[in-house]
Each structure stands twice: as C-alpha cells, then as structure tokens.
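Participant: After the sequence you'll find the predicted model.
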Amino acid sequence: MDMQASMGAIVVEQFTDLFRIGMILFLAITSANTAHATATRAGRAAPLVLGALFIAVLIPTAFHRDAPDLLPRILLGVPVNAILLAIVLGLMSLWKRARK
C-alpha cells in the first residue's frame, strides 16, 4: 500500500509540475512551428515522442538526482507526459479551428 501511495503521489506531483507542463507546451508549439519541415505524420510524431521521453528523463535526473525512486519517477513520467501532450495538442487543435 505504501508503494502505491508513493507512486500516486509521484503522478500527482508530475501532473501539477509547472515546469513539466511548460516544457510539454513549448514542445508542442515548437513542433507546430516546424511542421512545414516535417511533411509526413511520422515525421511530426517522432520529434514529439522523443521530446516527451527526453522530458521524462530530464526532470527527475535534474531535480531528483539523489532520490531513491529515480527510476519510477522516470517511468511514471512517460505516460504523464503523453497525457499532457495529448491535452496540449487537443487544445491547440481546438484553438486552430476556433480561429478559422
């Protein structure tokens, strides 16, 4: 039970981390601004996936380097980043449609 509570606390911490949210937001904005250079969907998806993985590793290793739960922080960061990225991309799509 203690391990599940700890993992739940890590996930909540990651979902509310403003630095993580900002990194994901600017990853999506950068991807949208450079979409002309990546003509195919696979070409646009690869930088987004690699960027989300990079953020999942960067934040725990930069801010929680000495934490005993470093690997779970990284592994839990991957789906958190994917969910945040999906939310940001969905909001950007809605924004784009609303502007038309």
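Facilitator: Sure thing, it's come through. Please read all numbers here as calculations on a predicted model, not as lab measurements.
Participant: contacts, neighbours, all on C-alpha from now
Facilitator: Will do.
Participant: show me where this structure has helices.
Facilitator: 2-15, 18-33, 41-63, 70-99 (DSSP state H).
Participant: looking at those, which has the lowest confidence?
Facilitator: Lowest mean pLDDT of these: helix 2-15, a mean of 83.
Participant: mind giving me a markdown table with the helices of the chain and columns for mean neighbour count?
Facilitator: Formatted as a markdown table, these follow (neighbours: other C-alpha atoms under 10 Å):
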| stretch | mean neighbour count |
| --- | --- |
| helix 2-15 | 13 |
| helix 18-33 | 16 |
| helix 41-63 | 16 |
| helix 70-99 | 15 |
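Participant: Find the residue at the geometric middle of this protein.
Facilitator: Computing the C-alpha centroid of the chain and ranking residues by C-alpha atoms, centre = their mean puts N81 first, at 2.7 Å.
Participant: how much space between the closest residue to that one other than its chain neighbours and R97?
Facilitator: Nearest non-adjacent residue to N81, counting by C-alpha to C-alpha, 6 or more residues apart in numbering: A52, 5.8 Å away. Distance from A52 to R97, counting by C-alpha to C-alpha, to the nearest Å: 25 Å.
Participant: do A35 as well
Facilitator: In terms of C-alpha to C-alpha, A35 sits 17 Å off from R97.
Participant: got the contact list for the closest residue to M23 other than its chain neighbours?
Facilitator: Ranked by C-alpha to C-alpha, 6+ apart and with sequence neighbours excluded, the top spatial neighbour of M23 is I55, at 7.3 Å. Contacts for I55 (C-alpha atoms under 8 Å, 6 or more residues apart in numbering) come out as 20, 23-24, 81.
Participant: Between which two of these is the distance greatest?
Facilitator: Taking C-alpha to C-alpha, the two most distant members of those are M23 and N81; they sit 9.6 Å apart.
Participant: pLDDT at A39, what is it?
Facilitator: According to the prediction, A39 has pLDDT 64.
Participant: correction: M1
Facilitator: With respect to pLDDT, M1 scores 46.
Participant: start the count at 361, not 1, going forward
Facilitator: All right, first residue 361 from here; so that's M361.
Participant: Lovely, talk soon.
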